[in-house]
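K.L.:
could you look at this predicted model? Sequence included:
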Protein chains: 6
Amino acid sequence: MSDNLLKLGIPAGSLQDATAELFKKAGFNIKFSSRSYYPSIDDDEIECLLIRAQEMARYVENGILDAGITGFDWIQETQADVHEVSELVFSKVSRRPIRWVLCVPEDSEIQSVHDLEGKRIATEAVGMTKAYLEKHGVNAIVEFSWGATEVKPPRLADAIVEVTETGSSLRANDLRIVDEVLQSTTRLIANKTSMKDEWKSGKLKAIALMLQSCLAAEGKVGLMMNVRRSDLSKILDDLPALKDPTIASLADPDWVAVNTIIEKSVVRTIIPELIAAGANGIVEHPITKIID
Amino acid sequence: MSDNLLKLGIPAGSLQDATAELFKKAGFNIKFSSRSYYPSIDDDEIECLLIRAQEMARYVENGILDAGITGFDWIQETQADVHEVSELVFSKVSRRPIRWVLCVPEDSEIQSVHDLEGKRIATEAVGMTKAYLEKHGVNAIVEFSWGATEVKPPRLADAIVEVTETGSSLRANDLRIVDEVLQSTTRLIANKTSMKDEWKSGKLKAIALMLQSCLAAEGKVGLMMNVRRSDLSKILDDLPALKDPTIASLADPDWVAVNTIIEKSVVRTIIPELIAAGANGIVEHPITKIID
Amino acid sequence: MSDNLLKLGIPAGSLQDATAELFKKAGFNIKFSSRSYYPSIDDDEIECLLIRAQEMARYVENGILDAGITGFDWIQETQADVHEVSELVFSKVSRRPIRWVLCVPEDSEIQSVHDLEGKRIATEAVGMTKAYLEKHGVNAIVEFSWGATEVKPPRLADAIVEVTETGSSLRANDLRIVDEVLQSTTRLIANKTSMKDEWKSGKLKAIALMLQSCLAAEGKVGLMMNVRRSDLSKILDDLPALKDPTIASLADPDWVAVNTIIEKSVVRTIIPELIAAGANGIVEHPITKIID
Amino acid sequence: MSDNLLKLGIPAGSLQDATAELFKKAGFNIKFSSRSYYPSIDDDEIECLLIRAQEMARYVENGILDAGITGFDWIQETQADVHEVSELVFSKVSRRPIRWVLCVPEDSEIQSVHDLEGKRIATEAVGMTKAYLEKHGVNAIVEFSWGATEVKPPRLADAIVEVTETGSSLRANDLRIVDEVLQSTTRLIANKTSMKDEWKSGKLKAIALMLQSCLAAEGKVGLMMNVRRSDLSKILDDLPALKDPTIASLADPDWVAVNTIIEKSVVRTIIPELIAAGANGIVEHPITKIID
Amino acid sequence: MSDNLLKLGIPAGSLQDATAELFKKAGFNIKFSSRSYYPSIDDDEIECLLIRAQEMARYVENGILDAGITGFDWIQETQADVHEVSELVFSKVSRRPIRWVLCVPEDSEIQSVHDLEGKRIATEAVGMTKAYLEKHGVNAIVEFSWGATEVKPPRLADAIVEVTETGSSLRANDLRIVDEVLQSTTRLIANKTSMKDEWKSGKLKAIALMLQSCLAAEGKVGLMMNVRRSDLSKILDDLPALKDPTIASLADPDWVAVNTIIEKSVVRTIIPELIAAGANGIVEHPITKIID
Amino acid sequence: MSDNLLKLGIPAGSLQDATAELFKKAGFNIKFSSRSYYPSIDDDEIECLLIRAQEMARYVENGILDAGITGFDWIQETQADVHEVSELVFSKVSRRPIRWVLCVPEDSEIQSVHDLEGKRIATEAVGMTKAYLEKHGVNAIVEFSWGATEVKPPRLADAIVEVTETGSSLRANDLRIVDEVLQSTTRLIANKTSMKDEWKSGKLKAIALMLQSCLAAEGKVGLMMNVRRSDLSKILDDLPALKDPTIASLADPDWVAVNTIIEKSVVRTIIPELIAAGANGIVEHPITKIID
């Protein structure tokens, strides 16, 4: 049985609930208990361990975990040698990649990475920052920041390398972005030895398939409508967004039922066009997984 | 580009979340920020402004806004000259029209509007109340109330004109309803000049169409079932609630698939009848938009 | 009209929200008011009364209520003579039957019910415990516990009979389970005289049907896919989980649309198999009621 | 050492925080832990146990506890044979005795306890209610109520016996008080055998002394002022509320400092009188314990 | 008895808790009930009524109330003809007067009130704003704002008149203060006819005395120390902050006890000086009322 | 003016509120704003900066701050060369020193630091742990832990060095303490160059004096009583806890007033003794600062 057990790291903190929710949609119920760092999961072949995103890659690399969910940023920061099974691209509507950026005070004289020579930089990502400076041939003091990094300039640091999603915290602290150091999305990573185990590798691919089918469904809806058989080809020609619809015969031979999956963001523009083109009884319904 | 920009007022306060939720269903993501009264929306052709429902009609009338969402009551109160694009009738199940009512203490001698001559009336809607009194030819003192109007009688006022949804706050303060002054539902209104601009007018109609399709779907569900071809016409005759179903052929030529949209409130009575009539594999599924 | 009125007890406390939610799915909107124990329901033929689960069976038995929702445990505890209309088996994924267990301190010498002779037992379910002891021919002191029963051993009691779902509270108090006294699930019960009234009996069966159709749907989803007509019989043979699918003809005569309802827990294993078997455009969608 | 250990029951629930706060003022720090029913206390001679007020007297009576804090009502309800060490009369300003009252619906025909013959009474205090009925020679059905007793009449009970502090919950449920069954305040009780142990008895009396000194101080403040030596006797004669003040000599032989402890509720009337009588530099200061 | 009843308005909203707390310190317990606008008070000669600060002066002026607590701003806004009994100057440490200010966008061309000619001004205080403009001989449009006034410029107004305590909300909305329209503190006001009633006038003065004695004590503490009799006069000369101390004889004739009341803000500077001057056993203690 | 400005670091996080509260008692009002890391303080000679305790010593050492409040642990961890102005020993009753301890799983074979050779240790205090290992001549792998360190053994680490106050989190994770690495209390530290500036050094000493006077007062109360002059010397002899009382003459020459400051924890034992010795009118009152 131990051969058929996948040790999976779940990221504690900001990604924790989103990860559990995604797994739930994918059919795996992860339950956290306030007293334990071993969440339960309703799949006897998986054992979960709750770990900080920052430490995930390290424990996957050294084999304590077979696989784990973490951000690309922390994989880079730790320089861990792991296999990336899948990039988990959350729906564009709700979540964008996060960015690590080099920032200075609005009125700083620093205009590019090259002006950092000899300066003091505060960051939670010391490794990533040093690698970035080295790439540009710049020498600077990089200090580990325990938090609240964005309030350090100009008193406590000349510049910072900090994560941002919307930039609002940077603006509120009168910081100016000088350069982007890294873009990061969430990843499912695996230990390289584990990937050579056929069972573990197959299990991880199946998990990735289910997670991806849910992520793909997040930004999509189903659209059903009745269309006169005579209008059908014109509608399909005019509205390429209705790609590969299922065309079902109806009792009334003059009409067909068209059933398709489209991007949520397209619905508000395509529905007026469908009405104009003669579609009838248009109904939108939710979907929860899709595999193209 | 400025020609193709619709300035849209979102009502702050009690209608704010419901409005954002309805727009989200309709495909428009409005995001509020705690520090800004300019909510973001994921449509470059719309610019949102958060404004009190009470002030909406005034700013739509004078053209600061092209359009806005507010209650019929405040349109009447301000006597603003605006175009009503659409009445947003929220699902009857969950939301009823709100009512402005004339109330007096349970043991007051006032029995009708005509007994108000010379009395003192407290209300947040001074204009509406004065218009109502004038219509009935009654002279009374109308005082603006800054809030907690329902506790003013009998000490601080002889009567009040106050908004109510369920009447429970009135009962708790031992008030009796003498008359209904106004019924009010939510409206999408537009500036009259903006409505003459073809692009703005078209944009508003498309928005209204999407909002209405969501509201229409709120009280409905999809119902799918298999029916013996020989039972079909009898079922459709007996159950007129199954109006205009989609009848799809099945592999088994003796059976058809019936797919229809019905009122949620009808489901609990129709399902026992469908079973009795021989329907098979009945499944209810949610829908999110419908355009009849 | 009084003949056509069903007096229905809703359990206050831990089952209250779950009951209201289930009724809502079934098409009945129950609304609680913080000041009233008479929740409103949008069915003129039903009158609700909010009552503790512990007292429900007593009031159903004596006819103050026609029917009510409560746990099997409290029916047993009160020895009430009522008719069980339906067992409401909540989805196995999220809710297991609760268990009443006999517990002692980890290091107690008590190993079975027979070691309880002359001991002191604390419990909220005095009747159930006495019946259990009698069944095993054991004499012991049974004391009513007002709460926090699990902390009483060893100081305040030698053993307890206590309800548990996951056992975590028992473990936290260093208690060991000696025996299971009772398993309990939620029940819809009715007064025996009310069941002889044809209208009431019919009404209750219709309610039970709707509740059951929602419970059945909780652990299921709809799965739609396109399959080559030539692959169809092999897929159906290989994947018995796809039982009784609806096979619809498509415009393209070489393909059919397969639409089926399956257990949520099966999805994660069947989808990889469907892909391998040549299914195409697989989409999962939610369902809210199902009557097989 | 075991001889010098006092086992003390702290009432869980509504009295818990007030008890801990009173002990803290008295110099004993009780600390609760969310996982334990054995609160810590910074006195090695005391061991605390957290127990429901309803069960306290039972466990004090049978010697599991040496002493405990509970209400007079539950002592009566359980008919426990215990020694009352001290009545803890909380400050009249903030807390009144609680009352158990017999209530009926406003429009009930029941006017006195004698109208209860054969009626059904719901109560959490079955023993107390039966004793009360017996005292009045009335036979009635007394049913244990698991809670929400005040909403039971008239449907589920003809009358109730329920606890009330302000009567507001009774009024909100349209209940009328027919009779008072019992007044109750908090008590420190002890096991009768424990009271015969000299050390335990002495320890309990010292605890009671400290608790009483805090309770006595709750409604009092210190008042300091300077008074002309010549005005002193007149002030003391005119203002008997200034009982037993400390009169201290001052450097200036014409003046004395008067320092006294008075009821908080008297301050607002006595200060204007003191000013009129020539007192000077009046200062009020808080006190935390007082032993007269 | 009705002659000896003072009807007192308590301001609902932001001043409500501070008012109740001040009265409590002064010896009057006001209790609010969530269902009633008639707070209870433990003085049979007073009847409280909870009223918005904005409406207080109006109801005091017309005699519905004998007295009330409100801000100077709303007295001015309503131009009510009332008697000011007392200004309640809250401790400078914690509360500053609030200010109504004329604001414009940072980059507005408006530099003084005279630049407002013909402009649109939004404000909650229409009367105060019109009076201010009139005083400066300026004509402008003054619109009532229902709230969120500070976000209106520049779109919805050219300028605003708004209340501010710290200015932080103004800065956050990029507004610049052009002028101060009014400073306001809290006042105890009375109806002019009520003030002619000797009992009511005396009662109000006694209430004001108690409130003032608490406010005066808020920023002060008591300081006790022992001083060598020979050092005394030098200490008192050097430290005028120790005004009018009480000098008490001690058993040891070489020492005296010095007891005085000083400003809290002075303590941190005077204590090092006292030590240097030879004071001994310095103790600071809280005081709750002081009448100089 | 810049010469007379003290830059003071306030520790963000767990010590923040306690620090602000202590400064408030000492007469300095620090106000935090949610948007700023520069708290305001009502002393123009001080400028506050909110900084993590972990980083405080570093910024004090390099002169960005003149002084700061932090824990002894983080001073050690960073090996910063700073001057310790004062140890802030919080009252023993409520706060004990925190301890950094070396822990292993309950069933680990590790019994002392010497068993750690070659093992993996997780900790937030890498510097402190390495210094500790070096002192004992042990080589081990020390890994930085981002949090939740106590759940790492045995999977992710063989041992941990972790902070603990009560040990409850360690027990909950089945960890055993092997050794204490460091005890830590809060310190006021200063930059060494700043301490050579006479004004800064004097200012810091005055601040420390005020903070200490408040801490000293935390565990103490004032006790006043009247004693017969003839009993006085015996009482003082028998009760050495009444050290250095102030003995004031009273108007009645047979009695004296005794006023003293004693430890709170002594009160509960001394009061019964005082009563027995004839003391009269014993009153306890709070004190807020004391300088012995």
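P.N.:
Ah, there it is.
K.L.:
so A:Gly68 bridges to which residues?
P.N.:
Using DSSP bridges, the bridge partners assigned to A:Gly68 are A:Gly9, A:Ile189.
K.L.:
now for it, how many residues are close by?
P.N.:
29 (other C-beta atoms under 10 Å in any protein chain shown). The way it works is simple: take the backbone N, C-alpha and C, and place the C-beta from them, glycine included.
K.L.:
pretty sure it contacts A:Arg52?
P.N.:
No: applying C-beta atoms under 8 Å as the test, A:Gly68 and A:Arg52 come out as separate, 10.6 Å apart.
K.L.:
list residues touching both of the two?
P.N.:
Common neighbours of A:Gly68 and A:Arg52, counting by C-beta atoms under 8 Å, 6 or more residues apart in numbering or on different chains, are A:Pro11.
K.L.:
which residue ranges make up the domains of chain A?
P.N.:
Recorded structural domains for chain A (assignment: the TED database) are A:6-92+A:186-217, A:98-184, A:220-286.
K.L.:
can you put these in TSV and add mean pLDDT?
P.N.:
Output for the domains of chain A, formatted as TSV (pLDDT from 0 to 100):
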stretch	mean pLDDT
domain A:6-92+A:186-217	91
domain A:98-184	92
domain A:220-286	88
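K.L.:
would a markdown table of those with distance to D:Leu209 be doable?
P.N.:
Below are the domains of chain A laid out as a markdown table (distance: least, C-beta to C-beta, whole Å):
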| stretch | distance to D:Leu209 |
| --- | --- |
| domain A:6-92+A:186-217 | 42 |
| domain A:98-184 | 51 |
| domain A:220-286 | 70 |
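K.L.:
tell me how many other residues surround whichever residue of the stretch 101-250 of chain A sits closest to chain F.
P.N.:
Closest residue of the stretch 101-250 of chain A to chain F, C-beta to the nearest C-beta: A:Val151 (4.0 Å). A count of neighbours around A:Val151, defined by other C-beta under 10 Å, yields 23.
K.L.:
residue of the stretch 101-250 of chain A nearest chain D, please.
P.N.:
A:Gly147 (27.7 Å).
K.L.:
what's the local residue count around that residue?
P.N.:
A:Gly147: 13 neighbours (other C-beta under 10 Å).
K.L.:
looks to me like it is in a helix.
P.N.:
No: read with DSSP: H, G, I helix; E, B strand; the rest coil, A:Gly147 is coil and lies in no helix.
K.L.:
distance check, it against E:Ala57.
P.N.:
50 Å (C-beta to C-beta, to the nearest Å).
K.L.:
which parts of the stretch 101-250 of chain A sit against chain B?
P.N.:
Residues of the stretch 101-250 of chain A found near chain B (C-beta under 8 Å from any C-beta of the partner chain) are A:168, A:221, A:224, A:226, A:248-250.
K.L.:
if we use 6 Å, what do you get?
P.N.:
Counting by C-beta under 6 Å from any C-beta of the partner chain, the residues of the stretch 101-250 of chain A lying close to chain B are A:248-250.
K.L.:
for chain E, what's the nearest residue on chain A?
P.N.:
For chain A, C-beta to the nearest C-beta, closest residue to chain E: A:Ala172, 9.8 Å.
K.L.:
next one: phi and psi at that residue?
P.N.:
Torsion angles at A:Ala172 (phi, psi; degrees, to the nearest 10) stand at phi -60, psi -20.
K.L.:
and the helices in the stretch 151-292 of chain A?
P.N.:
Along the stretch 151-292 of chain A, the segments classed as helices by DSSP state H, counting those that start in this stretch run A:168-172, A:192-196, A:198-218, A:232-238, A:264-276.
K.L.:
need the winner for burial among the ones you listed.
P.N.:
helix A:198-218 (a mean of 19; mean count of other C-beta atoms under 10 Å in any protein chain shown).
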